[in-house]
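Q: The following comprises the amino acid sequence and a computationally predicted model.
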Amino acid sequence: MPSACDPVIEDIEDMVSSTDPTPHERQSARKNIVPRPKKKKELLNDEELQADSVIPGMQKIWMKTWGCSHNNSDGEYMAGQLAASGYKMTAEADLWLLNSCTVKNPAEDHFRNSIKKAQEQEKKVVVAGCVPQAQPRMDYLKGLSIIGVISSHSVRLLGQKKEGGRRLGGARLDLPKIRKNPLIEIISINTGCLNACTYCKTKHARGDLASYPIEELVKRVRQSFQEGVCEIWLTSEDTGAYGRDIGTDLPTLLWRLVEQIPDGAMLRLGMTNPPYILEHLGEMAKILNHPRVYAFLHVPVQSASDSVLMDMKREYCIDDFKRVVDFLKERVPGVTIATDIICGFPGETEEDFQETLELVKLYRFPSLFINQFYPRPGTPAAKMEQVPAQVKKQRTRELSQLFHSYNPYDHKVGEMQHVLVTEESFDAQYYVAHNKFYEQVLVPKKVEFKGKMIEVEIYEAGKHFMKGRPVEDSKPFNPSIAAPLQQGEVLSLVSETNCLHLPGSVCVFLPYLKRESCVYKSLFKFCALSKRMAMNICVWILIHARLCSLRKSSSVSSVR
C-alpha cells in the first residue's frame, strides 16, 4: 500500500533537484521538467485513499543530527527549509531525516542503527550528511533517498554558491533555518580544507577549501543579532585556513566580525590546525584578548610524536604546536586551549605514546578529546599496519586516567566572574553559562538569567565545570540585541533582503508596503506558509490594496 509519506519524500527530492531551491525557483524549475513515465497504480480502496490523500508540505518530519558544529549548522538549515515549506518538525513523525557524521566509527554506528530502527518501525527514511556523500554505495544505504553535502549532491536542500564555476563557501547563509538553541548562531565560515590527513574521511565528504566572502559573513552575523542571538560560533573543518582561496585570511575576517558584536554578546572561534594559526599568532592573540571574544582556541595535536604526525600527514611537527600554545598562554592570560589526541594510530610505538603522555602532563589541557583510532574505509590509514585492538584500548584508558587525575579549576574557587547564560544543563537543574575563557559555569535556574551576562562568585569546582552563585546587588546585563526567537521558530524569512525566500510571489508586494502598515506586518507572519497558501495571501493583499484605494477615493469625493 502506498504510504502517506511517499509525497513527502518526493517533495524533499524536488527540493534537492535544484542548485538553489527557493520556493520560487522550485516552481519555475518544475515547468522544464520532463516527467518520468510511471507505472499505472492499482485502484485503491477508501482506507488506502485516505492514507495517500495528503498535501505535500503538510506532513510531520523528525530530524536527527550527529557530529560537529558544522554538521549541526547544516541540520538547522535543513530543518528551516522544510519548516518554511510547511512541514512540521516533530518527534511524532512518519518520516525520519537522519543527518550523519563520518568522522568516527561510533557516530556512523549510531546512524546505521537509527536507520534500522526507523525501518523496523516502518518509517520512511531520508539520509543526509557526510556518510552518504563519502560512502554512497554502503549496503545499508540502498533504497534510501540521499542528500549529500557537495558535488552532485551538494546539500541541495540548502543550495550551493558558485561564482565563475568556483564554489564560494557552502550553502547560502541567508536560507531559512531553525536554531537548536535560539540564543546561539552557528556559522560556517568555510567548507572543506587544504589538508589530506591519512585517517580523515570528512575530506571525502566536504572536499577542498571553499570560503565564504567576508561581506556575506558580516551580514549573517548582523542578522543573527537582530534575531536575538547572544553568542556566535564560527565553525568549519579548519577555521585557520579561512580565506586562502579568496585572497584574505582569518584575522581580517575576525576584526570585521568583532565590529558587529554588541556589548554582552560573545564570539567563539572553532577548530584550527597549527600550520595556519602559526602565521597569525600576533593578531590572533589581540583578537582573543578582545572583551567580546572568548579566550578559547581548539587546536588539535593528535599526537606528540613527529613520526606519527608524519604518517598522519598533519603538515606540522610537535614544536609547531608548542609554539602556538606557549605564545598564546603568554599573550592571552588564562586562555583555554582545547585539543584532540588519537590513541593507537597505525605504527604508533610505546615510545610515541609516552611522548603524548608527557605533552598532556606538561600542559594539563582543561579540555581534551581522546579518540581511540578506528580505520575509516577508503582512507590511507586503513591500509596501514594496525596497532592491536587491545593495545589501543589500553593506551586510550591510560590517557583518560591521566586526564582525570587533575582538576583544572580548583584554583578558581572564590573568584568573581562575568558569565553569559545560554542554555539549560542536561539534568535540567541549572542554567549553563560560560566565562571569558569559555569555561563552563553552572548557575541557578532563573528565567531572568537566560541570554544575559551576569556576575557570579565561584563556590565549587569540578573536572568539567564550576558552579557560581549570583553576586548580590548585581543586575543581569541584557545584551543590546532583539528578543530571541522562540524554540523551533523559522528565522531568516522576515527580511526584505531575503524576500526571494518568501512563499510564491509574495515578495513582489514588499516594495509597495510601508513598514508600519498592518499589511506589511501581517505578511511576515504568513511567510512560513506553503506555496499554495501564499497565493491566497497575494489575493488578500490585492483585495486589501483595492479596498484602501476605494476608501481613499471615497474620502476625496466626500471632501469635495
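A: Yep, it's here.

Q: how does the protein divide into domains?
A: Following automatic domain parsing, one gets these domains for the chain: 6-153, 183-389, 411-470, 502-559.

Q: which stretch in these has the least confidence?
A: When the domains of the chain are ranked by mean pLDDT, domain 502-559 comes last with a mean of 43.

Q: Please tell me how far residue 213 sits from residue 232.
A: Counting by Cβ to Cβ, to the nearest Å, the gap from residue 213 to residue 232 is 17 Å. Any C-beta I mention is one placed from the backbone N, CA and C, and that applies to glycine too.

Q: More neighbours: these two, which one.
A: residue 232 (23 against 17; other Cβ atoms under 10 Å).

Q: which ones are touching the more buried one?
A: Applying Cβ atoms under 8 Å, 6 or more residues apart in numbering, we find residue 232 in contact with 184-185, 187, 221, 224, 257, 261, 265-268.

Q: nearest to residue 356, of those residues?
A: Of all those, residue 268 has the smallest distance to residue 356: 26.6 Å, by Cβ to Cβ.

Q: Can you spell out which helices and strands pack onto the host helix or strand of that closest one?
A: Take DSSP states H and E as the rule and residue 268 turns out to sit in strand 266-269. Counting contacts by 3 or more Cβ pairs under 8 Å, 6 or more residues apart in numbering; DSSP states H and E, strand 266-269 packs against strand 231-235, helix 250-258, strand 296-298.

Q: Relative to residue 481, which of the ones you listed is closest?
A: The nearest among the helices and strands packed on strand 266-269, by Cβ to Cβ, is strand 231-235 at 10.5 Å.

Q: For that closest one, which residues meet the burial criterion?
A: The neighbour-count check on strand 231-235 (16 or more other Cβ atoms under 10 Å) flags 231-235 as buried.

Q: Just name the closest of these to residue 451, please.
A: Looking across the buried residues of strand 231-235 and measuring by Cβ to Cβ, the closest to residue 451 is residue 231, at 9.0 Å.

Q: Quick check: end-to-end length of stretch 98-109?
A: Using Cα to Cα, to the nearest Å, the end-to-end distance of stretch 98-109 comes out at 13 Å.

Q: again with stretch 371-383
A: Span of stretch 371-383 from end to end, Cα to Cα: 19 Å.

Q: do the same with stretch 119-139
A: Span of stretch 119-139 from end to end, Cα to Cα: 14 Å.

Q: same thing with stretch 127-141?
A: 8 Å.

Q: And stretch 79-93, by the same measure?
A: Note: stretch 79-93 ends 14 Å apart using Cα to Cα.

Q: same question, stretch 412-427
A: 24 Å.

Q: List the contacts of it.
A: 181, 183-184, 230-231, 264-266, 430-436, 439, 441-443, 445, 449-461, 466, 468, 471.

Q: Would you mind putting the CA coordinates of stretch 465-475 into CSV?
A: Provided in CSV are the C-alpha atoms of stretch 465-475 (Å, rounded to 0.1, in the frame of the first residue of the first chain):
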residue,chain,number,x,y,z
PHE,A,465,32.6,22.7,35.2
MET,A,466,32.4,25.2,38.0
LYS,A,467,29.3,26.4,40.0
GLY,A,468,28.6,30.0,40.6
ARG,A,469,26.2,32.0,42.8
PRO,A,470,24.9,35.4,41.6
VAL,A,471,26.6,38.3,43.3
GLU,A,472,24.2,40.3,45.5
ASP,A,473,23.1,43.7,44.1
SER,A,474,24.5,42.7,40.7
LYS,A,475,21.9,43.0,37.9
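
Q: What residues sit buried inside it?
A: For stretch 465-475, by 16+ other Cβ under 10 Å, it's 465-468, 470.

Q: Mark which of the residues you listed are part of strands, please.
A: In this view, these that belong to strands under DSSP state E are 466-468, 470.

Q: Wait, a strand at residue 200?
A: No - applying DSSP: H, G, I helix; E, B strand; the rest coil, one finds residue 200 to be coil, outside a strand.

Q: Relative to residue 442, how far out is the closest residue in space to it that isn't next to it in sequence?
A: Spatial nearest neighbour of residue 200, chain neighbours left out: residue 379 (6.7 Å); criterion: Cβ to Cβ, 6 or more residues apart in numbering. Distance, residue 379 to residue 442, using Cβ to Cβ: 39 Å.
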